[in-house]
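quick one: sequence plus predicted model below, questions after.
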Amino acid sequence: MKYKLVCFDVDGTLIGGVEFSWTHLHNYFRVDLREREDWKERFYKGKITYLEWALHDIGMWIEKGAKKGDFLKAISVFSLMPGARETLTELKKKGVKLAIISGSLDFILEHFIPDYKEIFDDVFISRLIFGKDGKIKEVKATQYDQDRKADALRLVAKKHGFSLKECAFVGDHENDIEIMKIVGKGIAFDCKSDELRKIADVVVKKKDLREVLKHLS
């Protein structure tokens, strides 16, 4: 295949029924709207790092006493994107390296793609570690979201010895813009951003990930 590394976003790409999982969880747990927007604004104004923002937001869920079972109930409205499993299987068969570069959360992947660690060669995502009581006992938030998704891609490409032109990325929103600018093939899938649509090499409107395969061969 022309592209040796294919990277995927999670929310709205591999997983359907959701635009941003963090926003969905904030709404589900009914966290303080003002506090949530205040910290978001601080990040976009450069006053805090992405990591600080992520840890604060997860802290709001902890304050609500959220347990693993609650998180699983919250994501029951999500679903695996049609064609996701078939697309990943086909790419693996052809020897393509696969990666996840996303600001989403690992328990979502575990729920919908239980064997994701065997499928993907590299995974950049935020991780929640739950204790026996179901409560969050540890957080490993990714630093590679927003414009830093591009940094993650550079790391993976270097690790495998690929040029950026040999890499492709499939995503759907504003936080995929910077990574989409540097890959050999940028695919906007079920796109929710006019800005991303403008810079993508390909726009796939149909909600079936198998549609991206013809653009990767």
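Nice, thanks for sending it over. Numbering: from 1, shown residues only.

quick check: residue 11 vs residue 192, distance?
10 Å (Cβ to Cβ, to the nearest Å). Any C-beta I mention is one placed from the backbone N, CA and C, and that applies to glycine too.

apologies, that question was intended for residue 55.
Taking Cβ to Cβ, one finds residue 55 at 26 Å from residue 192.

equivalent analysis for residue 75, please.
19 Å.

between these two, which is the more surrounded one?
residue 75 (20 against 13; other Cβ atoms under 10 Å).

wait, that one sits on residue 21?
Yes. Using Cβ atoms under 8 Å, residue 75 makes contact with residue 21 at a distance of 7.3 Å.

now do the domain split for this structure, please.
According to automatic domain parsing, the chain comprises the domains 5-18+79-215, 21-76.

for the longest one, the distance to its chain's centre please.
The reference is to domain 5-18+79-215. With Cα atoms, centre = their mean, to the nearest Å as the basis, domain 5-18+79-215 stands 5 Å off its chain's centre.

nearest residue to the middle of this structure?
residue 102 (2.6 Å; Cα atoms, centre = their mean).

gap between the closest residue in space to residue 24 that isn't next to it in sequence and residue 108?
Closest residue in space to residue 24, ignoring its immediate chain neighbours: residue 18 at 5.6 Å, by Cβ to Cβ, 6 or more residues apart in numbering. From residue 18 across to residue 108, the span is 8 Å (Cβ to Cβ).

follow-up on the earlier one: what residues does the nearest residue to the residue nearest to the centre of the chain once chain neighbours are set aside make contact with?
With Cβ to Cβ, 6+ apart as the criterion, residue 102 has its nearest non-adjacent residue at 4.0 Å, and that residue is residue 10. Contact partners of residue 10, counting by Cβ atoms under 8 Å, 6 or more residues apart in numbering, are 21, 100, 102, 104, 108-109, 125.

one more time with 10 Å
18, 21, 81, 100-106, 108-109, 112-113, 116, 123, 125, 171-172 (Cβ atoms under 10 Å, 6 or more residues apart in numbering).

coming back round to it: quick check: neighbours shared by residue 75 and residue 21?
With Cβ under 10 Å, 6+ apart as the test, residue 75 and residue 21 both reach 15, 105, 107-108.

re earlier: give me the phi and psi for the residue nearest to residue 102.
When quoted as degrees, to the nearest 10, the phi and psi of residue 10 stand at phi -110, psi -70.

next step: the shared contacts of residue 75 and residue 21 restricted to strands.
Members of the shared contacts of residue 75 and residue 21 lying in strands (criterion: DSSP state E): 15, 105.

of the shared contacts of residue 75 and residue 21, closest to residue 167?
residue 15 (21.6 Å; Cβ to Cβ).

what's the distance between the spatially closest residue to that closest one that is not a sequence neighbour and residue 149?
Leaving aside its chain neighbours, residue 15 sits nearest to residue 78 (5.4 Å; criterion: Cβ to Cβ, 6+ apart). With distances taken as Cβ to Cβ, residue 78 is found 21 Å from residue 149.

for the closest residue to residue 48 other than its chain neighbours, pull up the helix or strand it's in.
Nearest residue to residue 48 in three dimensions, chain neighbours excluded: residue 42, at 4.8 Å (Cβ to Cβ, 6+ apart). Assigning secondary structure by DSSP states H and E places residue 42 in helix 33-44.
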